[in-house]
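Asks: show me how the following folds:
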Amino acid sequence: MRVAFVSLFAPGHGDTPARSRTRRVARGLADRGHEVTWLCARWWGGDHDVFEEEGITYRSVTADPAPSTFAARLPVALRRVAPDVVHAVNSPPTPGVGATVAGTLSRTPVVVDWWHDHPADAARRYRLLARGADLVTTPSRTVKTRVREHGADGDDVRVVPESIDFDLVTDAAVDDRFDAVYSRRLDRHANVETFLLGLAELRGRDWTAAVIGDGPERGRIEATASDLRIADRVEFLGDLPLDERLPILKGTHVAVATATWETFATDLLWAVACGCVALVEYQADSSAHELVEGRERGRLVTSPAELADEFVAVGDLERRAVDREFASFDREAVIDRYVALYEELVDGE
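Replies: As a prediction, this is how the structure comes out:
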């Protein structure tokens with residue numbers, strides 16, 4: 001199958017969670033032998049318009065990342081590639097809208113992968129994009145709701161989650177130093193305070209905890225742990241690579257997610273795949289609760305006091321180092337879902 005990815009920016013412009021997601025899908029398809037072209041603004045040096053890397057052909061539509069110019073030149077670029085399906089991204093929306101128009105003219109189905117609404121993007125463009133795509137994929141039901149609010153038909157919006165390498169989970173060693181863990185970038189949305197306040201409620205019990213991650217809020221969060229008089233029992237480990245993070249997750253009984261904003265709780269996914277019991281504080285702008293709803297080894301809370309109570313309540317649940325229920329989130333399984341959607345669209349033409 002020939003798949004054209006339409007994204008004004010590529011990871012070469014600077015990596016983001018959305019661009020990493022797009023690259024994983026493109027590489028996964030290329031590894032399976034599909035013909036993958038990424039149409040983007042040029043981010044590489046030299047005067048050549050095309051080059052190949054890791055099975056992906058990168059083709060520049062414009063030299064500079066100008067959304068309107070990119071969209072205007074996109075129909076010609078797509079005709080040159082002649083894809084079976086177009087995989088566009090939602091932000092910035094103008095190139096995606098250009099892809100839907102070009103797709104209509106060439107009778108090529110267009111999938112728009114919608115990571116999240118960017119505050120700099122125009123809502124009017126989002127409405128055009130949501131209604132113009134043949135199909136929209138989102139990483140979570142939370143994002144799906146936002147896309148439907150832009151006017152997309154609910155039947156045309158499918159959830160395709162983020163993915164993990166499940167083999168890495170099963171092969172990792174076990175480090176059982178901690179009873180509870182928080183893992184995420186420590187930015188203004190992290191809300192680690194709920195985690196720490198919940199632990200502080202349990203000062204009289206025997207426990208150890210770890211915070212994995214780094215970011216601009218780390219100093220303030222460490223000061224909070226000190227103010228709560230639990231700094232000697234909470235270890236701040238910084239931003240660990242996967243080969244160091246997974247053993248800790250596999251040996252820890254409880255993982256906590258309290259962030260106020262989360263398009264997809266990837267760190268929590270790694271944790272529950274590693275057998276952690278998940279305690280999630282419900283937040284309107286976070287999709288983390290979607291990973292625990294209806295699961296015995298997951299609980300939703302709304303306050304530090306509830307979090308402390310659930311720490312105690314889940315203590316009787318068995319410790320696990322792997323939870324095979326989450327093998328459905330493996331990289332290959334998620335690529336299967338994209339391929340099935342592409343084939344559904346192509347066969348329906």
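Asks: show me the strands in the stretch 51-200 of the chain, by range?
Replies: Under the criterion DSSP state E, counting those that start in this stretch, strands of the stretch 51-200 of the chain are mapped to 56-62, 85-89, 110-113, 135-138, 157-159, 180-183.
Asks: a markdown table for the ones you listed, including mean pLDDT and distance to residue 1?
Replies: In short, each C-beta sits where N, CA and C put it, glycine included. Shown next, in a markdown table, are those (pLDDT from 0 to 100; distance: least, Cβ to Cβ, whole Å):
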| stretch | mean pLDDT | distance to residue 1 |
| --- | --- | --- |
| strand 56-62 | 96 | 14 |
| strand 85-89 | 98 | 7 |
| strand 110-113 | 98 | 12 |
| strand 135-138 | 98 | 15 |
| strand 157-159 | 97 | 18 |
| strand 180-183 | 98 | 36 |
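Asks: between those strands, which one is closest to residue 174.
Replies: For residue 174, the closest of these is strand 180-183, at 13.3 Å, according to Cβ to Cβ.
Asks: chain center to that closest one, what's the gap?
Replies: Remark: strand 180-183 is offset 18 Å from the chain centroid, using Cα atoms, centre = their mean, to the nearest Å.
Asks: ditto for stretch 300-309
Replies: Distance, centroid of stretch 300-309 to centroid of chain: 25 Å (Cα atoms, centre = their mean).
Asks: mind checking the end-to-end distance for that stretch?
Replies: End-to-end distance of stretch 300-309: 11 Å, with Cα to Cα, to the nearest Å as the criterion.
Asks: I'd like the strands of the stretch 51-200 of the chain laid out as JSON lines, including mean neighbour count.
Replies: Below are those laid out as JSON lines (neighbours: other Cβ atoms under 10 Å):
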{"stretch": "strand 56-62", "mean neighbour count": "20"}
{"stretch": "strand 85-89", "mean neighbour count": "27"}
{"stretch": "strand 110-113", "mean neighbour count": "26"}
{"stretch": "strand 135-138", "mean neighbour count": "24"}
{"stretch": "strand 157-159", "mean neighbour count": "19"}
{"stretch": "strand 180-183", "mean neighbour count": "26"}
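Asks: residue boundaries of the helices in the protein?
Replies: 17-31, 67-81, 93-106, 123-132, 141-149, 166-171, 192-200, 218-227, 242-251, 266-273, 304-313, 331-348 (DSSP state H).
Asks: now the shortest one - C-alpha only, CSV.
Replies: Coordinates of each C-alpha in helix 166-171 appear next as CSV, following Å, rounded to 0.1, in the frame of the first residue of the first chain:
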residue,chain,number,x,y,z
PHE,A,166,5.5,-5.2,25.0
ASP,A,167,8.6,-7.3,24.5
LEU,A,168,10.6,-4.7,26.4
VAL,A,169,8.1,-5.1,29.3
THR,A,170,8.4,-8.8,29.5
ASP,A,171,12.2,-8.9,29.1
